[in-house]
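1. okay, sequence plus prediction incoming.
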Amino acid sequence: MTFDLKISPPLCILVLTGSLLSAHFAWAESATLAGAQQQAQQLKLANDAQWQALLHYHNQRSLVTDEAFFFHPHGAEDKDAELKATLAAFFQTTPEDDNSAQCRFPARFAWLQHHLKLPIPPHRCEKLQNWLKNLAVTSISLVFPVAYLNNPASMFGHSFLRLDSTESELMAWTVNYAAETQQQQGVAFALKGLFGGYQGQFTLAPYYVLLKEYADLESRDMWEYRLNFSPAEQQRLLLHLWEVQTAHFDYYFINKNCSFQVLSLLNVARPGLNLTEQFQWDAIPADTVRAVTTVPNLLQAAHYRPALASQLVSQAQALDSAQQTLAKALAQGTLLPDDATMQALPVATQAQVLEVAFSYLSYLNASKIKHKQALDGKLAYALLTARSVLPTTAREEKTPIPLFRPDQGHAGNRLQLAGGYDGNAPYTQLGFRWSYHDLTDPAAGFVQGAEVEFFKPTLRYYPQQQRVQVEQFDFITINSMPSRTGFIQPFSWQVSLGMNRQRFPARERAVVGALKMGGGVSYEIDAQTLLSTAALGSLLVSDKFNQNTAVGLGGTVYAQHDFSSRWRGAAEATVLHYLQGITQTTYRYAIFQRVTLSANHAVVLKLGRGNEFDQAAFDAQLAWQFYF
């Protein structure tokens, strides 16, 4: 059965008239400042996530510290008052120039215009239009420089945006957020960075400038993540970038850092992302990249750009040891390209040796630039000239792309649940680590031989004694074991500071403050095996020692082998002889096996034996580690 609904002409006219009147009254309501403010209040625009993103609100307050960024005196903490004041500024009759409210805050104007249909003609804003024209953005990429040799602190990383255009990627502009430190170094630098002693600001620079800094001078591989933003979303981000170019923020290394602020720009581009809400206490750059790549339909493509050092290592692997020696001599200027030794090689091999020599010279020059040393361009010219006269094309040795991207590694925080035996009694253990990575963690997405950990407390429960105690509290542990090659020869180093329990006579396990430092060398035996050795110094603090301190010297040997991408085995032996505070030689040797269950789950078995300040004892532990 069907029904026909018929509307009489008078009724139809009445309905149409009502619709037109409704639209007219809505327009009329926003045609005046008071009407627009009332309509904004009715729509609750001040509580809209996009308005708060435009103001950089986080935890009910703006992170911007510049008064000029706000129209209301209390706009930094009163988003409703700032919205009303912003509307008032847009309704003011001002000359149509680049200093008008519209031209200073085009993203705010576009958003309010979209919601309120303001009866205000848009200004030309010539400076803004010229700026957008010069950028000519066609896509936006998130760039993440990974850790670089001999600086595990860089594992926290850095991230910035690249504004791609039809020009070469090297000429593209980048959006970088950094603290204004005035080149300050040392303890004051660290403390100010941790506690908001610096101001941060967005800056623009050509991509080739940052590539030289990160990929060449610091030997950091780059990952470029092209984002799937529509033209409208790109425009929204650019208009807001114009608004914050001169704005300042309080900079905090732990949470309100470069990567956090980059996320705040992405929030503006696509309303509803709310990326910064995930990072209340810390914002580790690798975790922020992971937050971006896990958003559905946000990542378009990922591209790996190897550092100068990575390219050199790959090129050198195509040469035998004698040919590598020739390449080094050419780069160091102790051998000329027309030497008889070079001429005796096949032409194709000569080309390869010369190309490796030039890459090595570029690497050496990058180090000189970093240390502000003078360069000699004659040697580079001689190598390029010699290569250009050879009629052959050398085989290109492409740098292999890592199996896993940094965003595919485990999360930074770790929870550990373990059971074991410490030589006296069984125990269960609960551990937490704020960040970031150690050698027992799943290796996917991380640099081999580098670990950095902060804030790692551990509790133990002994069921036989029904006793709970703090087993250790590590404040910081850094271990850098970059492998040495024929061309790149960094030193390994390590430092740790914390408190832990150690065995003393009568089965006493007392709390000891410990500072350890060391340096040595590491070698990659093959792609799966790393060997490292180092000299160690140890300073212990406890009332168990004479004058409450003990000083020891010794060494350590560490070896690890990856049986597969999910299974790692390792062994370590350490000897320390204490000379002051107590006369004793301590040692410990241990093995561990780690099996990765998934990116954020692993099982670790540790077996060891050692003596501290008592008789030697055996210990064992089986742990489940969860990353979040």
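-> Cool, the structure landed.
2. and Leu570, which of the three is it?
-> For residue 570 the amino acid is Ala, not Leu. Assigned with DSSP: H, G, I helix; E, B strand; the rest coil, Ala570 falls in the strand class.
3. just give the nearest non-adjacent residue to it, would you?
-> Gln560 (3.9 Å; C-beta to C-beta, 6 or more residues apart in numbering). To be clear about C-beta, it is placed using only N, CA and C from the backbone, and glycine gets the same treatment.
4. okay, the closest residue to Lys79 other than its chain neighbours and Asp543: tell me how far apart.
-> Of all residues not flanking Lys79 in the chain, Ala46 sits nearest, at 4.8 Å (C-beta to C-beta, 6+ apart). From Ala46 over to Asp543 the distance is 59 Å, taken as C-beta to C-beta, to the nearest Å.
5. so these two - more neighbours on which side?
-> Ala46 (17 against 8; other C-beta atoms under 10 Å).
6. tell me the confidence at that one?
-> Note on Ala46: pLDDT of 97.
7. now do Leu11
-> 36.
8. likewise the one 3 residues further on?
-> Reported pLDDT at Leu14 in the predicted model: 34.
9. follow-up on the earlier one: beta partners of the residue nearest to Ala570?
-> Leu530, Ala570 (DSSP bridges).
10. does it touch Ala443 like I think?
-> No: using C-beta atoms under 8 Å as the test, Gln560 is too far from Ala443 to be in contact (9.3 Å).
11. who touches both of those two?
-> Arg568 (C-beta atoms under 8 Å, 6 or more residues apart in numbering).
12. which secondary structure elements does the longest strand seen in the chain contact?
-> Within the chain, and with DSSP state E defining each element, the longest strand by residue count is strand 508-526. Identification of packing neighbours for strand 508-526 by 3 or more C-beta pairs under 8 Å, 6 or more residues apart in numbering; DSSP states H and E yields strand 492-504, strand 529-541, strand 549-562.
13. is it possible to get a markdown table of those that adds mean neighbour count?
-> As requested, the helices and strands packed on strand 508-526 are arranged in a markdown table below (neighbours: other C-beta atoms under 10 Å):
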| stretch | mean neighbour count |
| --- | --- |
| strand 492-504 | 18 |
| strand 529-541 | 18 |
| strand 549-562 | 18 |
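14. now tabulate those strands in a markdown table and tack on distance to Gln113 and mean pLDDT.
-> Below are the helices and strands packed on strand 508-526 laid out as a markdown table (distance: least, C-beta to C-beta, whole Å; pLDDT from 0 to 100):
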| stretch | distance to Gln113 | mean pLDDT |
| --- | --- | --- |
| strand 492-504 | 55 | 95 |
| strand 529-541 | 59 | 98 |
| strand 549-562 | 57 | 97 |
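15. is it possible to get JSON lines of those that adds distance to Tyr363?
-> Listed next are the helices and strands packed on strand 508-526 as JSON lines, based on distance: least, C-beta to C-beta, whole Å:
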{"stretch": "strand 492-504", "distance to Tyr363": "19"}
{"stretch": "strand 529-541", "distance to Tyr363": "22"}
{"stretch": "strand 549-562", "distance to Tyr363": "27"}
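16. of all those strands, which lies closest to Gln448?
-> Evaluated over these, closeness to Gln448 peaks at strand 529-541, with 6.2 Å, by C-beta to C-beta.
17. let's verify Thr399: helix, strand, or coil?
-> coil.
18. state the distance from it to Arg124.
-> 48 Å.
19. got the contact list for the longest helix seen in the chain?
-> Longest helix of the chain, by residue count under DSSP state H: helix 347-370. Here helix 347-370 makes contact (C-beta under 8 Å, 6+ apart) with 216-219, 308-309, 311-312, 315-316, 318-319, 323-324, 326-328, 330-332, 337, 342-343, 345, 374-375, 379-380, 383-384, 386-387, 390-395, 487-488.
20. which parts of that helix are buried?
-> For helix 347-370, the neighbour count (16 or more other C-beta atoms under 10 Å) marks 349-366 as buried.
21. model confidence over the longest strand of the chain, on average?
-> Mean predicted confidence for strand 508-526 is 95.
22. buried sites along it?
-> Those would be Arg509, Val511, Val512, Ala514, Lys516, Met517, Gly518, Gly520, Val521, Ser522, Glu524, for strand 508-526 by 16+ other C-beta under 10 Å.
23. so the third one touches Arg501, yeah?
-> Yes: using C-beta under 8 Å, Val512 and Arg501 qualify as a contacting pair, with a distance of 7.2 Å.
24. contacting residues for Cys125?
-> Cys125 is in contact with Asp98, Ser100, Gln102, Cys103, Pro106, counting by C-beta under 8 Å, 6+ apart.
25. if we use 6 Å, what do you get?
-> Residues in contact with Cys125 (C-beta atoms under 6 Å, 6 or more residues apart in numbering) are Cys103.
26. partners of Tyr177 in the sheet?
-> With DSSP bridges as the rule, Tyr177 is bridged to Phe202.
27. that one: how many residues sit nearby?
-> The burial count for Tyr177: 24, using other C-beta under 10 Å.
28. how far away is it from Ala286?
-> Tyr177 is 16 Å from Ala286, by C-beta to C-beta.
29. what of Tyr251?
-> Distance from Tyr251 to Ala286, by C-beta to C-beta: 19 Å.
30. could you do Asp438 as well?
-> 15 Å.
31. ok, Asp562 next?
-> Distance from Asp562 to Ala286, by C-beta to C-beta: 21 Å.
32. check contacts around the residue nearest to Lys79.
-> Residues near Ala46 by C-beta under 6 Å, 6+ apart: Lys79, Asp80, Leu83.
33. hang on, it is in a helix, isn't it?
-> Yes: counting by three-state DSSP, Ala46 is located in a helix.
34. how close does it get to Ala31?
-> From Ala46 to Ala31 the distance is 21 Å (C-beta to C-beta).
35. please apply the same query to Val603.
-> In terms of C-beta to C-beta, Val603 sits 67 Å off from Ala31.
36. over to Leu403?
-> 61 Å.
37. tell me which of those two has more neighbours.
-> The neighbour count for Leu403 versus Ala31, taken as other C-beta under 10 Å, is higher for Ala31 (15 against 9).
38. that one and Leu83, how far apart?
-> 18 Å.
39. with Leu531 instead?
-> Counting by C-beta to C-beta, the gap from Leu531 to Leu83 is 62 Å.
40. now Leu576
-> Taking C-beta to C-beta, one finds Leu576 at 64 Å from Leu83.
41. more neighbours: which of these two?
-> Leu83 (26 against 23).
42. could you confirm Gln102 falls within a strand?
-> No: if the criterion is three-state DSSP, then Gln102 is helix and not within a strand.
43. per-residue confidence at it?
-> 95.
44. try the one 5 residues further on
-> The predicted local confidence for Ala107 comes out at a pLDDT of 98.
45. related to what we said a few turns ago, can you give me how far the longest helix of the chain is from the chain middle?
-> 29 Å (C-alpha atoms, centre = their mean, to the nearest Å).
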